[in-house]
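Trainee: Got a sequence here, can you model it:
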Amino acid sequence: MNDHGPLSDVVVLDLTRALAGPQAAMMLGDLGARVIKVESATGDDTRAWGPPWAGAEVTTGSTDGPLDSTYFMSANRNKESIVLDLKDADDADVLAALVRRCDVLLENFRVGVLDRLGFTVERLHELNPLLVIGSITGFGHDGPESGRAGYDQIAQGEGGLMSVTGTEQPTKVGVPIADLLAGMNLAYGVVAALHERHRTGRGRVVRTSLLSGVVGVHAFQGTRWLLGGEVPGIAGAHHPAIAPYGMFETATVPVQVAVGSEGLWRRFADAVGLAADDPVFVTNRERVAHRDDLVAAIEGIFAAQPAEHWLDLLVEAGIPAGKVRSMDDVYAWDQVRSQGLVLEVDHPAYGTLELTGSPLRFDENRFSGGREHHLPPPLLGEHSASIRDWLADDSPPDPQL
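Mentor: Down below sits the predicted model:
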């Protein structure tokens, strides 16, 4: 099915919906795995999370014909779709047949739901001892709050991320970062388990959660409390432990500056006309302690010229600096397109679409994720017949060791 990619010999059964699980499955698909997405008759919830839509409404204003949200399109490329009712005995048999044929099963049901459907971990491994099972929950698979439903914004708040994000009040990140982190964590855990089964000859269960993803990226903010005894507050547009490092107003639009060493500080100060040896700013320790004064001094200088002037000057001085780009500017940027971060796919209902690409490339391969041909996000049940035909094959290949 897949002609390129490190995981081109792997088949993934994707029982997930919304974003965290589909993100994990899509990452495996980007790497070449065949991903079979199981959906209910109404489809993944995110198909209806619009507007905007990927369908006819985009160009004609009409809602005739199929419509899928652009949200759904962001997390479901490189997948096939089959419709199954997992409470129906015949469809449950189809799922069991898929389990036997696949290398990986991904699910993000609430704790206990898959068990109640008759597919406990024990049964799944009876059907296929080599199966790697990847599971995402909101707050963990055990512990006192394991039964809570998981939604991104709730996890961002409960996991502390919102407490350090924003300028005047706690603010969520502009993308569903808890979902995305959980998906990324599950994908790399699954790849590790696939590698391990070459040695053990058995699959295992990989578990993560939205809460784990958020807490797992606390980085220095976590150790500020655990080791330093400081409760971090809202960070705003400036780094809490490095200065100057953040966003600065100019005569036109803001610029971003990252002065991450004493050598860079001296070059930056010389370039913009500050005194590098001013006792108030002479080391990073002093600059952090007097950040408000430093920001005011820099913005007082930057107010005299437009952003382009300062960006040119800073680049010439070797100071890391950049714009704050809008999304349309990002996707028009030739550097983004040079990295394979925009994919073009042909969709059976919507025609040619541009999608965000994989962040990975291999060797000198220009292909996003390492695979040459990317599949568009599927229509609901688009591959039901072909997948059932595949299951009817009398001599199915064994899952890949």
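Trainee: Show me the helices in the stretch 251-400 of the chain, by range?
Mentor: 262-272, 284-289, 291-302, 307-316, 327-332, 334-338, 384-391 (DSSP state H, counting those that start in this stretch).
Trainee: Please identify which of these is closest to E145.
Mentor: helix 327-332 (35.3 Å; C-beta to C-beta). In this view, the C-beta of every residue, glycine as well, is placed from N, C-alpha and C.
Trainee: How far off centre is the helix or strand hosting F72?
Mentor: Here F72, judged by DSSP states H and E, is contained in helix 70-73. Relative to its parent chain, helix 70-73 has a centroid offset of 14 Å by C-alpha atoms, centre = their mean, to the nearest Å.
Trainee: close enough to count as contact, T250 and I298?
Mentor: No: taking contacts as C-beta atoms under 8 Å, T250 lies outside contact range of I298: 9.9 Å.
Trainee: And the two? Which one has more around it.
Mentor: The neighbour comparison of T250 against I298 (other C-beta atoms under 10 Å) goes to I298, with 23 against 20.
Trainee: so what pLDDT did the more buried one get?
Mentor: Per-residue pLDDT puts I298 at 98.
Trainee: With adjacent residues omitted, what lies nearest to it?
Mentor: Spatially, and ignoring its direct neighbours in sequence, I298 is nearest to F248 (5.4 Å; C-beta to C-beta, 6 or more residues apart in numbering).
Trainee: quick one: average confidence on the helix or strand harbouring A187?
Mentor: Using DSSP H and E, the element containing A187 is helix 177-200. Mean pLDDT, helix 177-200: 97.
Trainee: Then stretch 250-261?
Mentor: Mean per-residue pLDDT for stretch 250-261: 96.
Trainee: Which residues does that stretch contact?
Mentor: Residues from elsewhere that reach stretch 250-261 (C-beta atoms under 8 Å, 6 or more residues apart in numbering): 242-248, 265, 268, 298-299, 302-311, 314, 319-324.
Trainee: do stretch 42-49 as well
Mentor: Contacts of stretch 42-49 (C-beta under 8 Å, 6+ apart): R17, A18, L19, P22, K37, D68, S69, Y71, F72, A75, N76, L380.
Trainee: middle-most residue in the chain, spatially?
Mentor: Within the chain, one residue has its C-alpha closest to the average C-alpha position: by C-alpha atoms, centre = their mean, that is L180, at 3.4 Å.
Trainee: Quick one: residues contacting that residue.
Mentor: By C-beta under 8 Å, 6+ apart, the contact list for L180 reads L19, A20, Q23, G213.
Trainee: What's the separation between it and V282?
Mentor: 40 Å (C-beta to C-beta, to the nearest Å).
Trainee: Quick check: end-to-end length of stretch 35-44?
Mentor: 15 Å (C-alpha to C-alpha, to the nearest Å).
Trainee: Over to stretch 113-122?
Mentor: Distance between the two ends of stretch 113-122: 14 Å, counting by C-alpha to C-alpha.
Trainee: shaky segments in the protein?
Mentor: 1-3, 55-66, 364-367, 394-401 (pLDDT under 70).
Trainee: That one: strands as residue ranges?
Mentor: Under the criterion DSSP state E, the chain contains strands at 11-14, 34-39, 80-83, 104-107, 132-137, 205-209, 245-248, 255-258, 321-322, 342-347, 351-356.
Trainee: measure P348 to S386 for me?
Mentor: 13 Å.
Trainee: same question, E145
Mentor: Applying C-beta to C-beta to E145 and S386 gives a distance of 42 Å.
Trainee: And for V104?
Mentor: Separation of V104 from S386 (C-beta to C-beta) stands at 20 Å.
Trainee: try Q221
Mentor: Going from Q221 to S386 by C-beta to C-beta gives 48 Å.
Trainee: P376 against G351, yeah?
Mentor: No: P376 is beyond contact range of G351, at 9.7 Å (criterion: C-beta under 8 Å).
Trainee: and P51, how many neighbours?
Mentor: 10.
Trainee: Neighbour-wise, give me the winner out of the contacts of L180.
Mentor: Counting by other C-beta under 10 Å, top hit in those: A20 with 32 neighbours.
Trainee: what sits against that residue?
Mentor: N108, I136, G150, D152, A178, D179, L180, A182, G183, L186, L210 are the contacts of A20 under C-beta under 8 Å, 6+ apart.
Trainee: Same question for E382.
Mentor: Going by C-beta under 8 Å, 6+ apart, E382 touches E80, S81, P348.
Trainee: ok, 10 Å please
Mentor: Listed by C-beta atoms under 10 Å, 6 or more residues apart in numbering, the contact partners of E382 are K37, P66, K79, E80, S81, I82, V83, P348, A349, P376.
Trainee: So which of the residues you listed is surrounded by the most neighbours?
Mentor: K37 (31 neighbours).
Trainee: from what I can see it touches S81, true?
Mentor: Yes: at 4.9 Å, K37 counts as touching S81 under the criterion of C-beta atoms under 10 Å.
Trainee: which residues do the two both contact?
Mentor: When C-beta under 10 Å, 6+ apart defines a contact, the residues bordering K37 and S81 alike are D14, G43, D44, P377, P378, L380, G381, E382, H383, I387.
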